[in-house]
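# my questions concern the predicted model and sequence given below.
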Amino acid sequence: MEQICLTKYSHGGGCGCKIDPAALHEILSKVPRFAEVPDLLVGIESADDAAVYRINDQQAIIVTNDFFMPIVDDPYAFGRIAASNSISDVYAMGGTPLMAVSIVGFPVNKLPLNVMQEIMRGGVETCQDAGIPLAGGHSVDNEEPMFGLCVIGLINPKDIKKNSSAQVGDVLITTKPLGIGIMSTALKVKSLSQVGYEKVVQVMSSLNKAGAWLGTQSSVHALTDITGFGLGGHALEMARGANVSIILEVRKVPIMEEAWTLATEGIVPGSAYRNLAAFGDALQFNGGLSADHQLIFTDPQTSGGLLMAVAPEAADAVIAKLKELNCLVAEKIGRVVAADGASTVIVEGS
């Protein structure tokens, strides 16, 4: 196939395309709410990863959709990354995916059709890795290429893991390193090494399968995945949902080494600055972390890792199981504390 640079055809890529969190909050604040639906167990109210609807006492359906523009130039890799990111929202609720349908936008007069075929091949193979069929979808002729999935999952209602159930004293654990947005930006400006490219594609393409096991663990109190608002933003959602505060320890947070270096060179996506501005004083940095490296904590992660709040006495056992399940990392990165007024996320250390 002719070498195609997909990122040339879109104004932004991956989860960095998300609407500014402040603007999104304003939009959603004016969206009409339905009257109470008793069987809608998770809806729009808590900025959670997916909707959950109870079928009976033992079963609930998880529904999510996610799509974005290319974050890498290779169509096949883009398809795998977009599919992994979409399926992750089911895992982030503690559920098991059942099936998916695709969401496709493609500029049919700009790009050869075999490019879309390669994107779809990547998506199908990732669905196969997750043990589910890609069973259909919808496509439009669009100026910019886009791809993603609507994913249906299943969970026992008692196993649902919201992002808003953290408890004071909990330990925070994550399963993938940070730096995805920074390294993707470096790719676009041709400043990313080949080793760095292979690493970031591996990270983005990896499924968060451990989420299905985490859903069965009563010691896991809250669960989400780290995507477009960065670690700082998704930790803040977790804190606000539970009316607590969160402390992150810089030295314990896994960060891809090349991303750390690229940040000092100013190679950072604009959405990292946008996120930082949107969070304001709710995201605080203590301990001399440079302005460049602060942006790693608001860097948008595409198909990022899981972030969980775990009872402290169970944290080591959970980490051991995550390693057994082949998570890329399994690290304690912080803790949940009582809020002193409004919920905050405090990044400690340098």
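The structure has been received and is ready for your questions.
# low-confidence ranges, the chain, go.
Judged by pLDDT under 70, the chain has its weakly predicted residues at 1-2, 11-22, 25, 34-35, 46.
# which residue is nearest the centroid of it?
residue 227 (2.8 Å; Cα atoms, centre = their mean).
# can I get stretch 308-324 in PDB, CA atoms only?
What follows is stretch 308-324, C-alpha atoms only, in PDB (Å, rounded to 0.1, in the frame of the first residue of the first chain):
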ATOM      1  CA  MET A 308      -8.100   2.800  40.500                       C
ATOM      2  CA  ALA A 309      -8.700   3.600  44.100                       C
ATOM      3  CA  VAL A 310      -8.000   0.400  46.200                       C
ATOM      4  CA  ALA A 311      -8.400  -0.300  49.900                       C
ATOM      5  CA  PRO A 312      -4.800   0.000  51.300                       C
ATOM      6  CA  GLU A 313      -4.700  -3.500  52.800                       C
ATOM      7  CA  ALA A 314      -5.500  -5.000  49.400                       C
ATOM      8  CA  ALA A 315      -3.200  -2.900  47.300                       C
ATOM      9  CA  ASP A 316      -0.200  -5.200  47.100                       C
ATOM     10  CA  ALA A 317      -2.400  -8.200  46.200                       C
ATOM     11  CA  VAL A 318      -4.100  -6.200  43.500                       C
ATOM     12  CA  ILE A 319      -0.700  -5.100  42.000                       C
ATOM     13  CA  ALA A 320       0.500  -8.700  42.000                       C
ATOM     14  CA  LYS A 321      -2.600  -9.800  40.100                       C
ATOM     15  CA  LEU A 322      -2.300  -6.900  37.600                       C
ATOM     16  CA  LYS A 323       1.200  -8.100  36.900                       C
ATOM     17  CA  GLU A 324       0.000 -11.600  36.400                       C
END
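# buried ones in it?
For stretch 308-324, the buried set under the neighbour-count rule, 16 or more other Cβ atoms under 10 Å, comprises 308, 309, 310, 311, 314, 315, 318, 319, 321, 322. Where C-beta positions appear, they are placed from N, C-alpha and C, glycine not excepted.
# same check, this time on stretch 97-111
Residues of stretch 97-111 classed as buried by neighbour count (16+ other Cβ under 10 Å): 97, 98, 99, 100, 102, 103, 104, 105, 106, 107, 111.
# contacts for that stretch?
Taking Cβ atoms under 8 Å, 6 or more residues apart in numbering as the criterion, the residues outside stretch 97-111 that touch it are 4, 9, 65, 67, 83, 86-87, 90-91, 115-116, 119-120, 123, 127, 130-154.
# name the helix or strand for the residue of the chain most remote from its centre, please.
Distance from the C-alpha centroid of the chain, by Cα atoms, centre = their mean, peaks at residue 109 (31.9 Å). Taking DSSP states H and E as the definition, residue 109 sits outside all helices and strands.
# which residues of the protein fall in strands?
40-42, 51-54, 60-68, 96-106, 134-141, 146-155, 171-174, 220-225, 244-249, 283-286, 306-310, 331-338, 345-348 (DSSP state E).
# so what strands line up beside the shortest one?
Which is strand 40-42. strand 51-54 (antiparallel) (DSSP bridges).
# how far off centre is the strand it pairs with?
Taking the mean C-alpha point of strand 51-54 and that of its whole chain, the gap between them comes to 20 Å (Cα atoms, centre = their mean, to the nearest Å).
# with only the CA atoms kept, save that strand in CSV.
Coordinates of each C-alpha in strand 51-54 appear next as CSV, following Å, rounded to 0.1, in the frame of the first residue of the first chain:
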residue,chain,number,x,y,z
ALA,A,51,-23.7,4.3,30.8
VAL,A,52,-25.1,1.2,32.7
TYR,A,53,-28.6,-0.1,32.5
ARG,A,54,-29.9,-2.9,34.8
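# can you show me the helices along the protein?
When assigned using DSSP state H, the helices of the chain occupy the ranges 21-29, 75-92, 113-129, 180-188, 194-205, 210-214, 230-242, 257-264, 270-279, 291-294, 315-324.
# and of those, who's closest to residue 39?
Go through those one by one with Cβ to Cβ and the one that ends up closest to residue 39 is helix 75-92, at 18.4 Å.
# ok, back up a step: mind putting the strands of the chain into CSV with distance to residue 189?
Output for the strands of the chain, formatted as CSV (distance: least, Cβ to Cβ, whole Å):
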stretch, distance to residue 189
strand 40-42, 39
strand 51-54, 37
strand 60-68, 19
strand 96-106, 25
strand 134-141, 29
strand 146-155, 22
strand 171-174, 27
strand 220-225, 27
strand 244-249, 28
strand 283-286, 26
strand 306-310, 29
strand 331-338, 29
strand 345-348, 27
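# could you say which of those strands is packed most deeply?
By mean neighbour count, with neighbours taken as mean count of other Cβ atoms under 10 Å, strand 306-310 ranks first of the strands of the chain at a mean of 28.
# run the chain-centre distance for that strand.
With Cα atoms, centre = their mean as the basis, strand 306-310 stands 12 Å off its chain's centre.
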